[in-house]
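S.K.: Provided below for reference: sequence and predicted model.
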Amino acid sequence: MSLLISACATGTRLTPAQVELSGDGGEVNILWSAIPRPAPLPPLDHAALLLPVHFGSSEEKIFYMQLDLGHASTVFYSNKWKAIAEKYQFVNSGDKLAAVNFKLGDMQVLAKNISIMQREGAGLDWSKDSIEVIGTIGADLIDGRVVVLDFKKDIIQFSREREGLHLASSKFQPFSFSGRRIVMPVTFDGEEKTVMYDSGSSALSWISNEKTFQRLAKQDAKPVVYAIRPWDKILTAHTVETSAEAIVGGIKLPVKEISYVQDMGFLQELAISSLGAGGMVGNKLFLGKKLIIDTRKLEIALEE
């Protein structure tokens, strides 16, 4: 569960990284990680959104990084990075990496001033088939770009322009990208609200405050309480069925489950509460759809 709800669980402010994609962009396949959940909640086949990266030649081992647009900056994990730095002779400057080149799918990436985040856990398994998550790709990667999260084909496209990447009928709406946080409009239970979109919260459809959680719980539905561990912290999640619907870009989305998280800390709880019934949404809400985020024009759209 260490890959879940990162944005609402960490108050760490990292120096913004500089992440540059070569050329006009490209596309990359998504690998979803799966996890069980306590009964009666079904297992999650889309627990975290992972993207393939590699260093050196394309024949060498493929690693993975979580795409977490709720995190402002790209980071590598210390427990994994040490072995990579030794093999490829990368030089750290304290808890920073001055510059590193790697490939995201077939796209060349130059990353500068990357933080090395202290993480618990074992080092790398170098066997070819092991799934090693070595870091987080943050919202710095899409700053000034267009990203298309195609949850129908399980691919992500990166581009400088959005022309050719969407339908003529797509309804683009303005959104905020202040502090590299994606805060977007929704219609929720018939009211206009805003939500923060966090692609690092794949496992949870909708995270709100406790008051909203209780109000929108389906009658006679029993909440399920379980521990989650984002960024080496242990928190308590409460999840319950709901009949609530959200509308994004004219498309109705059944929420199905609503959650709230205990012990996030005052600042994170304040951030959730400030969005009212909006709160925070994860990838689960958009599965089977295509989400287009244009951080140049500050417009967002959803397609069936």
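M.R.: Alright, I've got the coordinates. What you are looking at is a predicted structure, and each value in this text was computed from that prediction instead of being measured. Numbering: from 1, shown residues only.

S.K.: quick one, longest helix in the chain?
M.R.: helix 78-88 (DSSP state H).

S.K.: Dump it to PDB, keeping only the CA atoms.
M.R.: Below are the C-alpha coordinates for helix 78-88, written out as PDB (Å, rounded to 0.1, in the frame of the first residue of the first chain):
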ATOM      1  CA  SER A  78      17.100   6.000  -1.700                       C
ATOM      2  CA  ASN A  79      16.800   2.300  -1.000                       C
ATOM      3  CA  LYS A  80      16.700   1.600  -4.800                       C
ATOM      4  CA  TRP A  81      18.800   4.400  -6.100                       C
ATOM      5  CA  LYS A  82      22.000   3.400  -4.400                       C
ATOM      6  CA  ALA A  83      22.300   0.300  -6.400                       C
ATOM      7  CA  ILE A  84      21.400   2.100  -9.700                       C
ATOM      8  CA  ALA A  85      23.900   4.900  -9.000                       C
ATOM      9  CA  GLU A  86      26.700   2.300  -8.400                       C
ATOM     10  CA  LYS A  87      26.000   0.400 -11.600                       C
ATOM     11  CA  TYR A  88      25.600   3.400 -13.900                       C
END
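
S.K.: contacting residues around that helix?
M.R.: Here helix 78-88 makes contact (C-beta atoms under 8 Å, 6 or more residues apart in numbering) with 55-56, 63, 76, 90-92, 97, 116-124, 126, 132-135. The C-beta positions use only the backbone N, C-alpha and C, and glycine is treated the same way.

S.K.: where does the chain dip in pLDDT?
M.R.: 1-16, 58, 93, 203, 229-232, 263-278 (pLDDT under 70).

S.K.: mind listing the helices for it?
M.R.: Under DSSP H, the chain gives helices at 6-9, 78-88, 210-216, 266-274.

S.K.: Report the buried members of the contacts of helix 78-88.
M.R.: 55, 63, 76, 90, 92, 97, 116-117, 119, 124, 132-135 (16 or more other C-beta atoms under 10 Å).

S.K.: Narrow the contacts of helix 78-88 to those in strands?
M.R.: The strands, defined by DSSP state E, take in Phe63, Phe76, Asn92, Leu97, Ile116, Met117, Val133, Ile134, Gly135 from the contacts of helix 78-88.

S.K.: out of the residues you listed, who's nearest Lys284?
M.R.: Lys284 has its nearest neighbour among those in Val133, at 19.1 Å by C-beta to C-beta.

S.K.: And for the residue lying closest to Arg296 once chain neighbours are set aside, the neighbour number?
M.R.: Take Arg296 and drop its neighbours on the chain: the residue closest to it by C-beta to C-beta, 6 or more residues apart in numbering is Gly144, 5.9 Å away. A total of 10 residues lie near Gly144 under the criterion other C-beta atoms under 10 Å.
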